[in-house]
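In: With the input below, show me the fold.
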Amino acid sequence: MPIRGEIVVIAGGAPVTTPRDAARDAARDELLKADYHRHDPSLQERVIDWIMDRIDDALSALAGDGTSGATGLVLFLLVAAVVGAALWWRLGAPKRAARTDLGVFGDIGPRSAAEHRADAERHAAAGRWTEAVREQMRALVRGLEERTLLDTRPGRTADEAAAEAGRALPGHAAELAAAARAFDDIAYGERTADQAAYQLLRDLDRTLERARPVLAPAAGGAA
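Out: Next up is the predicted model:
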């Protein structure tokens, strides 16, 4: 239905006067339809385009296109800071992936679940929540290894331990995954630990001590 000013021409040819606001709203609603925006760039693409434009501006300034070298250098440094912040936000702390490769136990020697639990309680009593969370997660994983719900494997990450243990203890799979995320965020992601994070892991460890595994059906068994 074409809009000409405030006059709308219907199929029979008789003009119908449409209020200006209604006509404007109808046009806006039409233009907001997804079909008109199917090929619009995504938010990420628009951000990248904006950054590239700023880099071009800074390089042009450094080349002396009507701007002093000092001003161009300042612009370039500002753009570099923006790019660095964007990469940090997108990828996280640069050392995080490398540090998680050490696994839950890092490079410490073999210790029992009871020893890790004792260390966790000692750190918690002193208010050292980050250390308490690390030791409590180690106690949880070592306890599963001691029950043979997990094989003893150096370098296993918290996520791997949670996924493997979740298959043997499906009723606690979601809690294990949440515990692994909390451990990674605190141990490697610079998240601040607190008593609640420690208590969550401690309670889960106690719960898993009493949990009975779900045995996989034997191959060739009855359906």
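
In: And the helices in the protein?
Out: 20-31, 43-62, 69-91, 96-100, 113-125, 129-146, 158-168, 173-187, 195-210 (DSSP state H).

In: Which of those helices has the lowest mean pLDDT?
Out: Averaged per stretch, pLDDT over these is lowest on helix 96-100, reaching a mean of 44.

In: And this protein, what are its domain boundaries?
Out: Split into domains by automatic domain parsing, the chain comes to 3-37, 43-91, 113-210.

In: gap between the two ends of stretch 106-120?
Out: Counting by CA to CA, to the nearest Å, you get 16 Å between the two ends of stretch 106-120.

In: got the contact list for that stretch?
Out: 131-133, 135-136, 138-140, 142-143, 145-146, 198, 202, 205 (CB atoms under 8 Å, 6 or more residues apart in numbering). For the C-beta atoms, the positions are set from N, CA and C on the backbone; glycine is no exception.

In: buried sites along it?
Out: Neighbour counts over stretch 106-120 (16 or more other CB atoms under 10 Å) mark Ala113, His116, Arg117, Asp119, Ala120 as buried.

In: now do stretch 172-184
Out: His172, Glu175, Leu176, Ala177, Ala179, Ala180, Ala182, Phe183, Asp184.

In: of all those, which comes closest to Thr192?
Out: Ala182 (11.6 Å; CB to CB).

In: looking at it, the closest one is touching Val133, isn't it?
Out: Yes: Ala182 lies in contact with Val133 (CB atoms under 8 Å); the separation is 7.4 Å.

In: before we move on, back to that, mind putting the buried residues of stretch 172-184 into JSON lines with distance to Gly166?
Out: Below are these laid out as JSON lines (distance: CB to CB, whole Å):
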{"residue": "His172", "distance to Gly166": "7"}
{"residue": "Glu175", "distance to Gly166": "9"}
{"residue": "Leu176", "distance to Gly166": "5"}
{"residue": "Ala177", "distance to Gly166": "7"}
{"residue": "Ala179", "distance to Gly166": "11"}
{"residue": "Ala180", "distance to Gly166": "10"}
{"residue": "Ala182", "distance to Gly166": "15"}
{"residue": "Phe183", "distance to Gly166": "15"}
{"residue": "Asp184", "distance to Gly166": "16"}
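
In: Could you check how far the closest residue to Arg202 other than its chain neighbours is from Met52?
Out: What sits nearest to Arg202 in space, not counting adjacent residues and going by CB to CB, 6 or more residues apart in numbering, is Gln136, at 5.5 Å. Separation of Gln136 from Met52 (CB to CB, to the nearest Å) stands at 46 Å.

In: These two: which is more packed in?
Out: Higher neighbour count among Gln136 and Met52: Gln136, with 28 against 12, using other CB atoms under 10 Å.

In: residue contacts, Ala165?
Out: Counting by CB under 8 Å, 6+ apart, Ala165 has contacts Leu144, Leu149, Leu150, His172, Ala173, Leu176, Leu208.

In: That should have said Arg142, apologies.
Out: Arg142 makes contacts with Phe105, Arg111, Ser112, Ala113, His116, as judged by CB under 8 Å, 6+ apart.

In: Among the residues you listed, which one lies nearest to Arg212?
Out: Ala113 (17.8 Å).

In: State the distance from that closest one to Ala179.
Out: Applying CB to CB, the value for Ala113 to Ala179 is 15 Å.

In: For Glu145, give its distance to Ala113.
Out: 8 Å.

In: Please apply the same query to Gln199.
Out: To Ala113, Gln199 is 18 Å away according to CB to CB.

In: Quick one: end-to-end length of stretch 106-122, please.
Out: Using CA to CA, the two ends of stretch 106-122 sit 20 Å apart.
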